[in-house]
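Chemist: take this sequence and fold it.
(chains A, B and C)
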Amino acid sequence: MSDHSITSAPLPRPGGLAARAQAAPAAGYLSGLNPEQRQAVEATDGPVLVLAGAGTGKTRVLTTRIAHLIATNRAFPSQILSVTFTNKAAREMKERIGHLVGAVAEGMPWLGTFHSISARILRRHAELLDLRSDFTILDTDDQIRLMKQVIQAEGIDEKRWPARMLSGFIDSWKNRGLAPKDVAPGEAAVFANGKGGTLYAAYQDRLKTLNAVDFGDLLLHCLTLFREHADVLATYHERFRYILVDEYQDTNTAQYLWLRLLAQGRRNIACVGDDDQSIYGWRGAEVDNILRFEHDFPGATVIRLERNYRSTGHILATAAKLIARNESRLGKTLRTEDELGEKVTITGAWDSQEEARLITDEIEAMQLKGENLAEIAVLVRISAQMRELEERFVQTGVPYRVIGGPRFYERAEIRDAMAYLRCVVSPTDDLAFERIVNVPKRGLGDATIQILHNHARATGFSLLQSARAIVESDELKPKARTSLRELVEAFGRWSQRAEHMPQGELAELVLEESGYTEMWQKDRSADAAGRLENLKELVRSLDEFPDLPAFLEHVSLVMDADSGDSAERVSIMTLHGAKGLEFDTVFLPGWEEGLFPNQRALDESGRAGLEEERRLAHVGLTRARKRLKLYFASNRRIHGLWQSSLPSRFIDELPEEHVEVVQAATNYSQGGYGASRFDRMESFGSSYNTPGWQRAQENKARGGGSGFSENGSGFGGNGFGNGRQRGPLLIEGELTAKSSGTSAFDTGARVFHVKFGPGSVASVDGNKLTVDFDKAGRKMVLDSFVQKAG
DNA sequence: GGCACTTCAATTTTT
DNA sequence: TTGAAGTGCC
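Modeler: Purely as a prediction, here's the structure:
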């Protein structure tokens, strides 16, 4: 059932390479592919690495390959695993496969991001990992809030050791596929004087308790599942006849291991990527994965796509020359049969304002000539560069849009609304509850939350459940108690409604009754209207899903901002954000030492950092189809201070015959282009001696740490001490309460309550005690808040 | 709990 | 310079 020729469409004859074309008649979908592309499509079996340079038809190869697998009956759509990094890429692939093979693509259940596919697998086998199949997926925000709690619980000063930082460490461990037990002790110790490992483990424990996973866990738990349950892995080997991976150069170690485990079965894995476009090393991507492919998958076929269909000659030559400077690369040379086109221009400006002015002027001129603004992009190294450009655009009335920035589901109002819905769906979602318990303001501040937490910890209930118990007691002041009771009752009501009501309607009801909508309606700030609009949009999109849980999954894994407006505007974005896009005209401002290559990348990652910056430059250059314009400014304001800067070494690395210096900076008169201090650079090693590099080397030699002189002496001696004392007292009571189903207190017993002081138990009703306090009088309290007193 | 004030740091970003 | 996040005061 595996036959190559299924139709008799004539073989396409790509110009100039006819000699190769003598294979069997090709299927229609193969027409128009060049020989390398076609080879990449037809090399179906065994490991394949497709090195697809920028603009060489990478997505086309991927989608055609899938169509080919299906059309030749090698696999059903449901037997093909195709992984991408972003949802956008997954969506585009689905769409394009749809064009190729028709409705069959609907049945490609295993086309998605690493994370969404992992989530899918995990939900099926959750019980094997000590999770329930309805586990929640936490995003970064939840993650950090949870981490804060863990850090506090360990009695560590959160200011000295920020949760964000630990979160970063844990993320990078997870990126490398390391569970708490796998982290090298020395490495785990860098955080909080040796507590890093403990905290990581504690964090994982908390997640388990909450029946939650973070993004990294999706991959990590899958690895555990595959490794510890050979039978489960075998079913996936059976299922996935073919594996395809997009943007392989961006995979991190965990993803690599994930792929390797799955590919072990049939060994039909095709990875498509471009080592020259690996720009995410800083978030765990390992260029090494792609560089090592042939070693990892022996007998691999490697196919290079070097024929570029995007850029004109000068542009392509410029990009090729620059990237050739990198040492860690597999090596490709992009070619084009297109005309040379316009030379790449380099313009020096006195300062960043002049730079913005020059760019704006050019854009205006192009606009007058009738160019489509949607085909123009300004790509910057760091977001901070955007401001001056935007200011100038606003001044001159050039329409623009900023691409990137906070995503729809990251916005506070969306996250708040979702937290409400999460609480309705699962009353044990403490993080969600905590997020909205006092939003809008209900007078339920830290003190109240603390009480809820104490009870929750003591009883093992969730916060919402604890709240339900606590409002029946006198633990809270009347005001807070009433307020909390209302909230608890509202959640009870909403949960009931959830069973019958369409989720969109329910969401509207929840947002209305909780006062959340009102909160923004009353808000006088400028963006309130936008936020209400976003909420409406959220409610609208809710109805596109079968149920609320499906929606929540979608939002945590899949949703991204779809700026669907197609008006003609110039795009401004970071170089990272531009990967995968192309424009007729590309402006690249800020090519200065320190900014680009970025000093920090150099300091932190040395040579590897420089090479990644160079790849980033290469990505920028290859975004342009027809016109490419680089800029540098001699003066730029950095953190508010004016600093003078030198043109980027990357400028000196461009081929003179393909670039044109339009205008030297006023103060850049020592010879202009071709005479800078970088001219002498023969090879990387000899010239790499910037101050930052030297500093980095010195630090490394000293052994890294810059010696925190910590001598935990008298700081906060008294206020802190009180809090300390309270901890153990409570735990005593907690244990008692936990161990027995009913209260451990008898009528008449003497007890001590943190807030009300000593008293005698008057009566007992389950976990509720009526106590006559010596000073505070008769109160109803929960047993978890008192301890026995002598 | 909300405000005005100080302090501190400061790439790139997806899931 | 800006912005977030924390502090202190009412």
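
Chemist: ok, the one residue in the stretch 401-550 of chain A that gets nearest to DNA strand C to A:Met165 distance?
Modeler: The minimum distance from the stretch 401-550 of chain A to DNA strand C, using Cβ to the nearest atom of the strand, falls at A:Pro406 (9.6 Å). Where you see a C-beta, it was placed from the backbone N, CA and C, and this is true even at glycine. To A:Met165, A:Pro406 is 21 Å away according to Cβ to Cβ, to the nearest Å.

Chemist: quick one: which of those two has more around it?
Modeler: A count of neighbours by other Cβ atoms under 10 Å puts A:Met165 above the other of A:Pro406 and A:Met165, at 16 against 10.

Chemist: who touches that one in this structure?
Modeler: Residues in contact with A:Met165 (Cβ atoms under 8 Å, 6 or more residues apart in numbering) are A:Phe191.

Chemist: then A:Trp282?
Modeler: A:601, A:605, A:612.

Chemist: repeat for A:Thr136
Modeler: Here A:Thr136 is in contact with A:210-213, A:422, A:426, A:429, A:431-432, A:552, A:556 (criterion: Cβ under 8 Å, 6+ apart).

Chemist: narrow those residues to those in strands?
Modeler: With DSSP state E as the criterion, strands contain A:212-213 from among the contacts of A:Thr136.

Chemist: so where's the stretch 1-150 of chain A shaky on pLDDT?
Modeler: Scanning the stretch 1-150 of chain A for pLDDT under 70 picks out A:1-26, A:103-107.

Chemist: try it again at 80.
Modeler: A:1-27, A:102-107 (pLDDT under 80).

Chemist: ok, now the stretch 551-700 of chain A?
Modeler: For the stretch 551-700 of chain A (pLDDT under 80), the answer is A:556, A:558-567, A:663-700.

Chemist: redo that, cut-off 90
Modeler: A:551-568, A:604-606, A:638-643, A:662-700 (pLDDT under 90).

Chemist: residues from the stretch 551-700 of chain A in reach of DNA strand B?
Modeler: A:557, A:560, A:573-574, A:576-577, A:598, A:600-601, A:604, A:609, A:613, A:639-640 (Cβ under 7 Å from any atom of the strand).

Chemist: now, which of those residues lie close to DNA strand C?
Modeler: A:639-640.

Chemist: quick one, which of the residues of the stretch 551-700 of chain A next to DNA strand B are buried?
Modeler: A:557, A:573-574, A:576-577, A:598, A:601, A:609, A:613 (16 or more other Cβ atoms under 10 Å).

Chemist: which of those residues fall in helices?
Modeler: Counted as lying in helices by DSSP state H, out of those, are A:557, A:576-577, A:601, A:609, A:613.

Chemist: nearest to DNA strand C, of these?
Modeler: Once Cβ to the nearest atom of the strand is applied, the member of these that ends up nearest DNA strand C is A:Gly577, at 18.6 Å.

Chemist: pLDDT wise, what is the nearest residue to the closest one once chain neighbours are set aside at?
Modeler: In this structure, A:Gly577 finds its nearest non-sequential neighbour in A:Gly404, 4.2 Å apart by Cβ to Cβ, 6 or more residues apart in numbering. pLDDT recorded at A:Gly404 is 83.

Chemist: and the strands in the stretch 201-350 of chain A?
Modeler: Along the stretch 201-350 of chain A, counting by DSSP state E, counting those that start in this stretch, strands occupy A:212-214, A:242-245, A:269-273, A:301-305, A:344-351.

Chemist: in TSV: these, plus mean neighbour count, distance to A:Arg38 and mean pLDDT.
Modeler: As requested, the strands of the stretch 201-350 of chain A are exported to TSV (neighbours: other Cβ atoms under 10 Å; distance: least, Cβ to Cβ, whole Å; pLDDT from 0 to 100):
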stretch	mean neighbour count	distance to A:Arg38	mean pLDDT
strand A:212-214	23	41	93
strand A:242-245	24	16	96
strand A:269-273	26	14	95
strand A:301-305	19	10	94
strand A:344-351	22	32	93
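
Chemist: TSV for those, including distance to DNA strand C?
Modeler: Output for these, formatted as TSV (distance: least, Cβ to the nearest atom of the strand, whole Å):
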stretch	distance to DNA strand C
strand A:212-214	18
strand A:242-245	35
strand A:269-273	35
strand A:301-305	42
strand A:344-351	13
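
Chemist: would you mind measuring from A:Gly341 to A:Gln367?
Modeler: 21 Å.

Chemist: where do the helices sit along the stretch 151-300 of chain A?
Modeler: In the stretch 151-300 of chain A, the helices defined using DSSP state H, counting those that start in this stretch lie at A:163-175, A:185-188, A:196-209, A:215-228, A:230-239, A:253-263, A:287-291, A:293-296.

Chemist: how about the stretch 1-150 of chain A?
Modeler: Applying DSSP H, counting those that start in this stretch to the stretch 1-150 of chain A gives helices spanning A:35-42, A:58-71, A:87-101, A:114-124, A:140-153.

Chemist: now do stretch A:222-236: everything it contacts.
Modeler: A:118, A:121-122, A:125, A:128-129, A:177, A:179, A:254, A:257-258, A:261-262, A:264-265.

Chemist: now, the most widely separated pair of these?
Modeler: Within the contacts of stretch A:222-236, A:Ala179 and A:Gly265 form the most distant pair, 23.8 Å apart (Cβ to Cβ).

Chemist: mind putting the helices of the stretch 151-300 of chain A into JSON lines with distance to DNA strand B?
Modeler: JSON lines is the format used below for the helices of the stretch 151-300 of chain A (distance: least, Cβ to the nearest atom of the strand, whole Å):
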{"stretch": "helix A:163-175", "distance to DNA strand B": "7"}
{"stretch": "helix A:185-188", "distance to DNA strand B": "19"}
{"stretch": "helix A:196-209", "distance to DNA strand B": "15"}
{"stretch": "helix A:215-228", "distance to DNA strand B": "3"}
{"stretch": "helix A:230-239", "distance to DNA strand B": "19"}
{"stretch": "helix A:253-263", "distance to DNA strand B": "10"}
{"stretch": "helix A:287-291", "distance to DNA strand B": "14"}
{"stretch": "helix A:293-296", "distance to DNA strand B": "21"}
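
Chemist: just the buried positions in stretch A:542-550, please.
Modeler: A:542, A:545, A:548-549.

Chemist: for A:Glu362, grab the count of nearby residues.
Modeler: By other Cβ under 10 Å, the residues close to A:Glu362 number 19.
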